[in-house]
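Participant: predicted model and sequence follow; I will ask about them next.
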Amino acid sequence: MTQQQQTAGGDVRLAGISKTYGSFTAVHPLDLTVPQGSFFALLGASGCGKTTTLRMIAGLEEATTGTVFLGDRDITDLPPYKRPVNTVFQSYALFPHLDITENVAFGLRRRGIKSVKKQVDEMLELVQLGDFARRKPHQLSGGQQQRVAVARALINHPQVLLLDEPLGALDLKLRRQMQLELKRIQTEVGITFVHVTHDQEEAMTMADTVAVMNGGRVEQLGAPADLYENPRTTFVANFLGTSNLIEGEIVSTGGDLVVAAGGGKLTLPRERCSASSTSSGGRLLLGIRPEKISLAHADDADAIAAGRNRVTGRITDSSFIGVSTQYVVESPAGAALQVYEQNIERDTRLVPGAEVVLHWNPAHAFGLDAAQAID
Ligand code: ATP
């Protein structure tokens, strides 16, 4: 990539940024730092405020309160076209009457630059569309059009590229391809990408850091694996994949927490618990991901290694989905616990009605406030 494009811009920093529309608060005061050069995702369900946040970074939406910094520079009052930031929209917004070269060259031409060929060629190569330079947008697939939109934004050498659900219009297979493609482009150009999506898998695949938004607030921020393994709220636990949440009462706090649940006792390392109270008698939700649970036939329970958490249950449903077998288990600890087991031979699968013991390594569980609503 060109030297110009690697020019440092600094972190994007939102300090107390909020947006209200009349009496409705779309984004509550938000402090957020997007590290320079990172691939950052704003993830959340429809209406949670992620697009509004992105548009406040772009300058397309005026913040009600707060300051937007790019590095040390306060850009809050700069109009969009003066910010070193570009946006790619889901709709691509390509000019239908212009060929791909002229679409990509548009920003340069507008700035009065006549000799555009070298830069356009470089951009088309970056997005692997060198052979399509003379086509019109309607002669390209959706994924190719999206890549043109990215090239058109990047040719202006922004310090930050904002992507507003850029893959939303693509079918699933193309989405998956484009996720990897955008990740490759971001790594190659090295600038900050801020990507808005409601698709948790997309955010997890692409981003270095994900901010999970809910109701106009960031509920949790972190690396994808960290969010998945250490969710701190039920919303995050449920939004990022499936989670079993077992309600229990803390009965011992000596070393690890001991939680009474479903007639048994479960261990939870203290550092894995983000419930606000961890004192004896407190209630919490013990979370465990379905793929972290193993199943043993009740008759084989003696073979389960010491130190693992155990819960008895009865299988009510099983489905083989190729990469794993997914079980639903009825248990005193929960009405419909989900268990995913991989590498199971078809003929060793447990069948509905089987009495089983669910067991897991306590270090794989996490503890959450019981008071939170389970979504
Ligand atoms: P989606 O994925 O559906 O685009 P989002 O998380 O990006 O959702 P926003 O577009 O940021 O959500 O909107 C946040 C909230 O603010 C929504 O409830 C929306 O209805 C509201 N909102 C957005 N723009 C306006 C506006 N101009 N006037 C009033 N309310 C608005």
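Facilitator: Perfect, thanks for sending it.

Participant: distance of Ala207 relative to Gly216?
Facilitator: Separation of Ala207 from Gly216 (CB to CB, to the nearest Å) stands at 20 Å. In short, each C-beta sits where N, CA and C put it, glycine included.

Participant: no wait, Val323
Facilitator: 36 Å.

Participant: and these two? Which one has more around it.
Facilitator: Gly216 (22 against 9; other CB atoms under 10 Å).

Participant: residue contacts, the more buried one?
Facilitator: Gly216 sits next to 25-28, 48-49 when contact means CB atoms under 8 Å, 6 or more residues apart in numbering.

Participant: got a winner among those residues for most neighbours?
Facilitator: Val27 leads the contacts of Gly216 on contacts (other CB under 10 Å) with 28 neighbours.

Participant: which residues sit against stretch 180-191?
Facilitator: By CB under 8 Å, 6+ apart, stretch 180-191 touches 1, 5-6, 9, 37, 39, 126-128, 143, 147, 150, 154, 158-161, 163, 166-167, 193, 195, 205-206.

Participant: now, which of these lie within strands?
Facilitator: 39, 160-161, 163, 193, 195 (DSSP state E).

Participant: of those residues, which is the nearest to Ala363?
Facilitator: Nearest to Ala363 among the ones in strands among the contacts of stretch 180-191 is Phe39, at 29.0 Å by CB to CB.

Participant: from what I see, the closest one and Met204 are in contact.
Facilitator: No. The pair Phe39 and Met204 fails to qualify as a contact (CB atoms under 8 Å) at a distance of 11.5 Å.

Participant: who does Leu295 form a beta bridge with?
Facilitator: Leu358 (DSSP bridges).

Participant: do you know how far it is from the ligand?
Facilitator: 38 Å (CB to the nearest ligand atom, to the nearest Å).

Participant: can you report how many residues lie near that residue?
Facilitator: Neighbours of Leu295 (other CB under 10 Å): 21.

Participant: circling back to that earlier point, just flag the most distant two among the contacts of Gly216.
Facilitator: Across these, no pair lies farther apart than Thr25 and Cys48, at 11.9 Å, counting by CB to CB.

Participant: wait, is Thr53 part of a helix?
Facilitator: Yes. Under DSSP: H, G, I helix; E, B strand; the rest coil, Thr53 falls within a helix.

Participant: so the residue nearest to the spatial centre of the chain is in which element?
Facilitator: Taking CA atoms, centre = their mean, the centroid of the chain lies closest to Ala203, which sits 3.3 Å from it. Element membership for Ala203, per DSSP states H and E: helix 200-206.

Participant: quick one: is that helix near the ligand?
Facilitator: No. If you take CB under 6 Å from any ligand atom as the test, helix 200-206 misses the ligand, and the best it gets is 12.5 Å.

Participant: which SSE is immediately downstream of that helix?
Facilitator: strand 209-214.

Participant: for the record, mean pLDDT for that following strand?
Facilitator: Mean pLDDT, computed over strand 209-214, is 98.

Participant: does that strand come close to the ligand?
Facilitator: No. Strand 209-214 stays clear of the ligand (CB under 6 Å from any ligand atom), getting no nearer than 6.7 Å.

Participant: CA atoms of the helix or strand just after that strand as CSV?
Facilitator: Using DSSP H and E, the helix or strand that follows strand 209-214 in sequence is strand 217-222. Output in CSV follows, covering the C-alpha atoms of strand 217-222 (Å, rounded to 0.1, in the frame of the first residue of the first chain):
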residue,chain,number,x,y,z
ARG,A,217,-25.0,1.5,25.4
VAL,A,218,-21.9,-0.5,24.9
GLU,A,219,-22.5,-3.5,27.2
GLN,A,220,-19.0,-5.0,26.7
LEU,A,221,-15.9,-4.4,24.7
GLY,A,222,-13.2,-6.9,23.9
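
Participant: so what strands line up beside strand 217-222?
Facilitator: Strand 217-222 has these partner strands in its sheet, going by DSSP bridges: strand 209-214 (antiparallel).

Participant: which residues touch the strand it pairs with?
Facilitator: With contacts defined as CB under 8 Å, 6+ apart, strand 209-214 is touched by 32, 34-35, 38-45, 48-50, 53, 203-204, 218-224, 227, 235-236, 239-240.

Participant: may I have that strand as CSV, with CA atoms only?
Facilitator: The C-alpha coordinates for strand 209-214 follow below in CSV (Å, rounded to 0.1, in the frame of the first residue of the first chain):
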residue,chain,number,x,y,z
THR,A,209,-12.1,-5.7,18.9
VAL,A,210,-15.9,-5.9,19.2
ALA,A,211,-18.2,-3.4,21.1
VAL,A,212,-21.5,-5.2,21.8
MET,A,213,-24.2,-2.5,21.9
ASN,A,214,-27.6,-2.8,23.6
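
Participant: what about the stretch 251-375 of the chain, any weak spots by pLDDT?
Facilitator: The model of the stretch 251-375 of the chain has pLDDT under 70 over residues 343-348, 372-375.

Participant: which stretches of it form strands?
Facilitator: 257-261, 264-268, 283-288, 294-297, 309-320, 324-331, 334-342, 355-360, 366-369 (DSSP state E, counting those that start in this stretch).

Participant: so which elements touch the fourth one?
Facilitator: Pointing back at strand 294-297 there. strand 334-342, strand 355-360 (3 or more CB pairs under 8 Å, 6 or more residues apart in numbering; DSSP states H and E).

Participant: so the shortest one versus strand 324-331, what angle?
Facilitator: Think strand 355-360. Strand 355-360 runs at 110 degrees relative to strand 324-331, counting by axes from the mean of the first three to the mean of the last three CA atoms, to 10 degrees.

Participant: pull out the buried positions in strand 355-360.
Facilitator: 356-360 (16 or more other CB atoms under 10 Å).

Participant: other SSEs contacting it?
Facilitator: Strand 355-360 makes packing contacts with strand 294-297, strand 309-320, strand 324-331 when contacts are defined by 3+ CB pairs under 8 Å, 6+ apart.

Participant: cheers, nothing more for now.
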